[in-house]
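1. Got a sequence here, can you build the structure:
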Amino acid sequence: MIIKAHPPRGGRPVEAVSGYTVYFYMGLHHIRGQEDALRVLRGAMRRGRVASTYLFAGEQGVGKRLTAVAFVKALNCLSPSEQDGAPEACGRCASCRKIEAGTHPDFLLIEPEAGLIKVQEIRRLEEALYLRPYEGRWKAVVVDDAEAMNPPAANAFLKTLEEPAPQSLIVLVSSRPGRLPQTVLSRCSRVNFKPLQNSGPSRRAWSFIPTGPSRGITPAAS
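-> Next up is the predicted model:
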């Protein structure tokens, strides 16, 4: 059998030979080296003052997208625990599993295609956000590599930022935020992610916690 777990950027799973299969989930408490960013997000949840739009900015591979998905899970978890007075995703409820699997009706992940995010994707984002939450408390969209928006997409996105829907959350993830229009940047609550201290192949922004042999927890999104 195979132990499988998704690496930070998705793609092919990490594999190791074993007598059983182990699945992993990713929560905010699994993020390493980003204590300042986590403090900001947990503080917002604890005070009930989550912004409608965040920009997670920092170099590639430091855990921005992982943190964005874990943040959405914490906000929509059906059985959250508590850490530093803020909710922490359980990783086991229907909401957490669906978000990890990409099947939650209130969660959308947008990524570039052929290096671009086009206006059609922003229209899809708008349609998703302006519907009321179907299962969760929040409608949430994570836009990975947000600097890949072409000018028409960025212009369409600006309208969404100016008129946010109730109980909606947008997280822009970018390693090159300077490429985003200033009109977009000025409407985001920016959360900076630090470079990781370690270097080399062992450097990573996450840690894995096994859930046990053949449990049904799906691998985490990167």
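2. What is the subsequent helix or strand relative to the strand of greatest length in the chain?
-> Selection of the longest strand in the chain by residue count, based on DSSP state E, yields strand 168-174. Sequence-wise, the next helix or strand beyond strand 168-174 is helix 182-185, with elements assigned using DSSP states H and E.
3. same for that following helix, what does it pack against?
-> The elements that helix 182-185 packs onto, with contact taken as 3 or more C-beta pairs under 8 Å, 6 or more residues apart in numbering; DSSP states H and E, are helix 151-162. C-betas here are computed from N, CA, C, even on glycine.
4. what's the angle from the helix it packs on to strand 168-174?
-> Angle of helix 151-162 versus strand 168-174, following axes from the mean of the first three to the mean of the last three C-alpha atoms, to 10 degrees, is 140 degrees.
5. And for helix 151-162, what's in contact with it?
-> Contacts to helix 151-162, defined as C-beta atoms under 8 Å, 6 or more residues apart in numbering, come from residues 52-53, 116-119, 121-123, 125-126, 129, 149, 170, 180-181, 183-184, 187-188.
6. hmm, which of the residues you listed are the buried ones?
-> For those, a burial check counting by 16 or more other C-beta atoms under 10 Å picks out 52-53, 117-119, 121-122, 125-126, 129, 149, 170, 180, 184, 187-188.
7. out of these, what pair is the most spread apart?
-> Pairwise distances among the buried ones among the contacts of helix 151-162 were taken by C-beta to C-beta; the largest, 23.0 Å, belongs to S52 and K118.
8. quick check, distance from stretch 59-68 to the centre of its chain.
-> Put simply, stretch 59-68 sits 8 Å off its chain's centre (C-alpha atoms, centre = their mean, to the nearest Å).
9. now it: mean pLDDT?
-> Averaging pLDDT along stretch 59-68 gives 92.
10. Can you pull out the low-pLDDT segments for this protein?
-> Applying pLDDT under 70 to the chain flags residues 1-25, 198-222.
11. the helices in it, which residues?
-> Along the chain, the segments classed as helices by DSSP state H run 35-47, 64-76, 94-101, 119-129, 151-162, 182-185.
12. Point out the most buried one among those helices.
-> helix 64-76 (a mean of 27; mean count of other C-beta atoms under 10 Å).
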